[in-house]
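> Dropping the sequence and predicted coords here.
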Amino acid sequence: MAHGQTATVPVENVAGSASLRRDLFELFVGYGLILLVIWTPNPWQRVLYWVAAAFVLIVSWRSFNGWARMGLRWTNLLQSLWIVGLGLAGAALAIAIAHHMGALRPWHGPIELVRRFWGYAIWACLQQFLLQIFFLQRILRLVASKALAVLLAAGMFSFAHLPSPILTFVTLAFGLAACVLFLRYRNLYPLAITHAILGICIAVCFPGPVTHNMRVGLGYLEYRPPHPHHHRIQPAFSFLAKP
């Protein structure tokens, strides 16, 4: 460098570094709050629940760049509906096997099924938002490899389901597939619907004592078998569900 010259850093590099630091901060804090909610007993769990919800909502609002970028669009919807069909076929097979083995939970028609699980279906959609939009898209900006970003996002998704062995394994497999499919189609709808189908399938195919009523974290460890006529699931990974 010649004498008297001052080194300058391009403005776009400074802005890019600040954006990456913000992504890292939001990723670390958001995921940390989710884990705290999962592993903290009441009454502090309820306080952290609202803190985490507020953080994710505020960060998502500040970084909002259009519904289409979030995967909430019509583009590629028809091309990706095969994902929902595959989920329905897998769920039907699992239910048939559970029925044959006598493990299927007793339900009194589709109306009761909808009444019990409509809330879980909504939270399943929100979980897909967290996985694909809040986590995956930030990780994609932080690492150079899409494959590594998919592995990290799915790993975080799965890790949040510990210590449930069934949910940890299923969410790792589904998380990997969902991230790959989202990068291909950039549409959140079929993934959210499939998540709801598979989650409800697990809830009705496995007895509550096996999955601990779909609980994770501290709730899984503190689970006690409920009354035999009372069936309830607690959405996994989603702090937006009522603790």
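Structure received.

> helix or strand right after the strand or helix carrying residue 172?
Here residue 172 sits within helix 165-185, counting by DSSP states H and E. Next along the chain after helix 165-185, taking DSSP H and E as the criterion, comes helix 189-205.

> quick one: that following helix to helix 165-185, angle?
160 degrees (axes from the mean of the first three to the mean of the last three CA atoms, to 10 degrees).

> Which residues belonging to stretch 106-117 are considered buried?
116, 117 (16 or more other CB atoms under 10 Å). C-betas here are computed from N, CA, C, even on glycine.

> chain center to the helix holding residue 172, what's the gap?
9 Å (CA atoms, centre = their mean, to the nearest Å).

> Any chance you could list what contacts it?
Helix 165-185 has contacts (CB atoms under 8 Å, 6 or more residues apart in numbering) with 71, 76, 79-80, 83, 128, 131-132, 136, 146, 149-151, 153-155, 157-162, 188, 190-191, 194-195, 198, 202, 206, 210-211, 214, 216, 236-237.

> Among these, which ones are in helices?
Of the contacts of helix 165-185, the ones assigned to helices by DSSP state H are 79-80, 83, 128, 146, 149-151, 153-155, 157-159, 190-191, 194-195, 198, 202, 210-211.

> ok, of those residues, which come out buried?
80, 83, 128, 149-151, 153-154, 157-158, 190-191, 194-195, 198, 202, 211.

> Ignoring the adjacent residues along the chain, who's closest to residue 168?
Of all residues beyond its chain neighbours, the one nearest residue 168 is residue 161 (4.7 Å), with distances taken as CB to CB, 6 or more residues apart in numbering.

> right, and the one you found touches residue 216 too?
Yes - counting by CB atoms under 8 Å, residue 161 does reach residue 216; the two are 4.9 Å apart.

> contacting residues around the closest residue to residue 41 other than its chain neighbours?
Nearest residue to residue 41 in three dimensions, chain neighbours excluded: residue 218, at 6.1 Å (CB to CB, 6+ apart). The contact partners of residue 218, by CB under 8 Å, 6+ apart, come to 38, 39, 40, 41, 45.
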